[in-house]
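Undergrad: need a 3D model of the following:
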Amino acid sequence: MKIPKEMIFLIVDDMDNMRRSIRAMLKLIGYGKDYLEAANGIEALEILTKGNITIDFIISDINMPKMSGIQLLDRVREDKTTRDLPFLIITAEANQEVVAEVAEREVDAYLTKPFVTATLEQKIRELLEKQKNPPPYSLHIRKARDFEEQGDINNAIVEMRAAASLNDRSSRPLRELGRLSLKQGDIETSLKFFKRATEINRLDVTAYHYLGQLFYRLGDIDRATQNFSRAMEISPRHTDRAIDFGKLLLKQKNLIHAEKVFRLVLRTKGDDLDVKEDIAVAASIHGLNEFAVRLFKEIQRADPGRVHLLKRFGMTLYETGDTSTAIQMLEKAAVQGSDDMELLISLAKIYLKLNRPVRADKWATLAVRLDPENKEAKELLDKCM
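TA: Below is the predicted model of the structure:
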């Protein structure tokens, strides 16, 4: 390992003045031969993967656009060439969500803004000393990782058990034991380890997600939902897996629990229109129509420009029995996409059901013009005569 003054530091922060400030502090304490900067995780990854520059130390903010510091850390740890790089996280506030992210990944070190030069120097020294002389706990975890990569799950479990015995305050070895047991198909043991992980660390989001998945596999939907809910309460960033769980429930026709899961997601991500749209579309496809209609209305009020939703919104309104509003939405959609065969046929069908053949004829005619060989369109046009 290089001495600090010979290292190349990568400073990642979306605030230009913060990058300059950290750079100045490093120069003041004589740390660093060179300094590279990135405004977000994506730019940092580009620097790390160039290959012509060897980064020795990463200092990264946690909240950044495009890719956060935590996402960058995950990507760095996934790559064998970078996963052992010293990584110092900087955060504006150590709130529950940040503490959960840090605890879950057991990051090398983190600093809370604002900080002084002496504090930065102390953290870097501590981190480098730990890298140079890793404690037995860390060595066992690394050995477990190596065994798992070689496909030797049994020895990986042995090493992870040894790590757990050396640090009874960390949930990471227990969480990893749960994951490794799951790889062996031992669900009962896996459940036991994940439960113990959450008992030791009430903020272990990943363990709660695994528990949610396992309880679902065991058919215990209530406990699955409880664990996904707990994960989202801790860290709203982890909503993707909860949404996937809700969609899975929809496919299983478990509409009541699916809606419950989606409501939990929206409790923390209700202002995110992309999340709301994703849920609304999934709910409408699988028959959760009244819930979907409410979401579509909220999306339309917040962003009328999302015209691509008009068709799905209109079809869902029709399923709920609101025919007049449904027609308005579908006709607006038809103006935007006159080459949508499904939409034209749907409008013709609806007007025929309403005993309005003249209006039906308009849409059936457009459908036949679009595809003269379409059997359904031709049959609808005949019915309009």
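Undergrad: and the helices in the stretch 151-300 of the chain?
TA: In the stretch 151-300 of the chain, the helices defined using DSSP state H, counting those that start in this stretch lie at 153-166, 172-183, 187-200, 205-217, 221-234, 240-251, 255-269, 273-285, 289-302.
Undergrad: mind putting these into TSV with mean pLDDT?
TA: Shown next, in TSV, are the helices of the stretch 151-300 of the chain (pLDDT from 0 to 100):
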stretch	mean pLDDT
helix 153-166	96
helix 172-183	95
helix 187-200	95
helix 205-217	90
helix 221-234	84
helix 240-251	85
helix 255-269	88
helix 273-285	94
helix 289-302	94
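Undergrad: could you save those as TSV and add columns showing mean neighbour count and distance to Leu28?
TA: For the C-beta atoms, the positions are set from N, CA and C on the backbone; glycine is no exception. Listed next are these as TSV, based on neighbours: other C-beta atoms under 10 Å; distance: least, C-beta to C-beta, whole Å:
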stretch	mean neighbour count	distance to Leu28
helix 153-166	18	37
helix 172-183	23	35
helix 187-200	19	40
helix 205-217	22	37
helix 221-234	20	37
helix 240-251	19	42
helix 255-269	19	41
helix 273-285	20	43
helix 289-302	17	48
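Undergrad: and those: which comes nearest Leu88?
TA: Closest to Leu88 of those is helix 172-183 (C-beta to C-beta; 18.8 Å).
Undergrad: nearest to Ile141, of the helices of the stretch 151-300 of the chain?
TA: That would be helix 153-166 among the helices of the stretch 151-300 of the chain, by C-beta to C-beta, at 5.0 Å.
Undergrad: which residues does that closest one contact?
TA: Residues outside helix 153-166 that contact it (C-beta atoms under 8 Å, 6 or more residues apart in numbering) are 135-137, 140-141, 143-145, 147-148, 170, 172-174, 176-177, 180-181, 183-184.
Undergrad: in stretch 43-53, which residues are buried?
TA: By neighbour count on 16 or more other C-beta atoms under 10 Å, the buried set for stretch 43-53 is Glu43, Ala44, Leu45, Ile47, Leu48.
Undergrad: Provide a list of residues in contact with Gly41.
TA: Val12, Ser60, Met64, Lys66, Met67, Ser68, Gly69, Gln71, Leu72, Arg75.
Undergrad: among those residues, which lie within strands?
TA: The strands, defined by DSSP state E, take in Val12, Ser60 from these.
Undergrad: ok, Asp61 - contacts?
TA: Val12, Asp13, Asp14, Met15, Met18, Gly69, Ile89, Ile90, Thr91 are the contacts of Asp61 under C-beta under 8 Å, 6+ apart.
Undergrad: measure the residue nearest the centre of the chain to Val281 for me?
TA: With distances taken as C-alpha atoms, centre = their mean, Asp240 lies nearest the centre of the chain, 4.2 Å away. As judged by C-beta to C-beta, to the nearest Å, Asp240 and Val281 stand 15 Å apart.
Undergrad: same question, Ser165
TA: Taken as C-beta to C-beta, the span from Ser165 to Val281 is 48 Å.
Undergrad: show me the domain layout of the chain.
TA: 4-132, 134-201, 338-385 (automatic domain parsing).
Undergrad: just send those domains back as TSV, with distance to Arg230 too.
TA: What follows is the domains of the chain, written out as TSV (distance: least, C-beta to C-beta, whole Å):
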stretch	distance to Arg230
domain 4-132	11
domain 134-201	8
domain 338-385	41
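Undergrad: about what we covered before: what's the closest of the helices of the stretch 151-300 of the chain to Leu370?
TA: Across the helices of the stretch 151-300 of the chain, closest to Leu370 is helix 273-285 (C-beta to C-beta), at 24.1 Å.
Undergrad: which strands and helices sit next to that closest one?
TA: helix 240-251, helix 255-269, helix 289-302, helix 310-320 (3 or more C-beta pairs under 8 Å, 6 or more residues apart in numbering; DSSP states H and E).
Undergrad: next, format those helices as JSON lines and append distance to Met232.
TA: Formatted as JSON lines, the helices and strands packed on helix 273-285 follow (distance: least, C-beta to C-beta, whole Å):
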{"stretch": "helix 240-251", "distance to Met232": "6"}
{"stretch": "helix 255-269", "distance to Met232": "6"}
{"stretch": "helix 289-302", "distance to Met232": "18"}
{"stretch": "helix 310-320", "distance to Met232": "25"}
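Undergrad: of all these, which lies closest to Ile3?
TA: Ranking the helices and strands packed on helix 273-285 by proximity to Ile3 (C-beta to C-beta) places helix 240-251 first, at 41.8 Å.
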